[in-house]
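Peer 1: All I have is the shape, not the residue letters:
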């Protein structure tokens, strides 16, 4: 069922343009796509969420908790605890800023895998005993290694555009000589 036609071979400049644009789009998606995790529980149980992150030294981990029912709606103060485990070390985090915002910040002292546990103990549950909310984990890198894709993609794209212009200027001009 093939058409049996012929197509022009893909030029090197087109390959460079395609690869450059692909790297730029992939870098943008990598930085823009952040999903939040759901924190919920069954009545009578603690709400627990566990997450692992690989951090380098001086990277910041920002943890933002957003609950469906806030302190003002329930009349109860429920205190989430956020704990970071690195090897055999345990770091209890305290909220940054206003206590009802539930924002936590952790700066890595060493590189490696960091295990984060977010928990709302049963004794701090709202009246109905159910916690529903979202947890957003955001990593801010101290070294901008993950931003290297942008200059690399821009460089490859600009080289492809340069080669495309060069190919057009080198094309033979058909002329009749008298």
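Peer 2: Right, received. Where do you want to start? This structure is a prediction, so every number in the text was calculated from the model and none was measured.
Peer 1: Touching, residue 68 and residue 47? I think so.
Peer 2: No: contact criterion CB atoms under 8 Å: residue 68 and residue 47 do not qualify, at 11.6 Å. Every C-beta, even on glycine, is put in place using the N, C-alpha and C of the backbone.
Peer 1: When these two are compared, which one has more neighbours?
Peer 2: More neighbours surround residue 47 than the other of residue 68 and residue 47, with 22 against 13 (other CB atoms under 10 Å).
Peer 1: okay, the more buried one: pLDDT?
Peer 2: Looking at residue 47, its pLDDT reads 83.
Peer 1: Identify the residue nearest the residue positioned nearest the centre of the chain in space, chain neighbours excluded?
Peer 2: Computing the C-alpha centroid of the chain and ranking residues by CA atoms, centre = their mean puts residue 34 first, at 4.4 Å. Computed as CB to CB, 6 or more residues apart in numbering, the closest residue to residue 34 that is not its neighbour in sequence is residue 138, at 6.4 Å.
Peer 1: so what's the backbone phi/psi at that neighbour?
Peer 2: Main-chain dihedrals, residue 138, degrees, to the nearest 10: phi -130, psi 130.
Peer 1: From residue 116, how far out is it?
Peer 2: Distance, residue 138 to residue 116, using CB to CB, to the nearest Å: 12 Å.
Peer 1: Looking at the two now, which is surrounded by more residues?
Peer 2: The neighbour comparison of residue 138 against residue 116 (other CB under 10 Å) goes to residue 116, with 21 against 12.
Peer 1: Please identify the helix or strand for that one.
Peer 2: Element membership of residue 116, judged by DSSP states H and E, is strand 112-120.
Peer 1: Quick one: list the elements packing against that strand.
Peer 2: Contacting strand 112-120 under the criterion 3 or more CB pairs under 8 Å, 6 or more residues apart in numbering; DSSP states H and E are the following elements: strand 47-55, strand 60-67, strand 81-86.
Peer 1: Can you give the strand pairings for the second one, parallel or anti for each?
Peer 2: Strands that pair with strand 60-67, judged by DSSP bridges, come out as strand 103-107 (antiparallel), strand 132-140 (antiparallel).
Peer 1: The shortest one relative to strand 112-120, how many degrees between them?
Peer 2: It stands for strand 103-107. 160 degrees (axes from the mean of the first three to the mean of the last three CA atoms, to 10 degrees).
Peer 1: And the longest one, by the same measure?
Peer 2: Going by the same axes, to 10 degrees, strand 132-140 is angled at 160 degrees with respect to strand 112-120.
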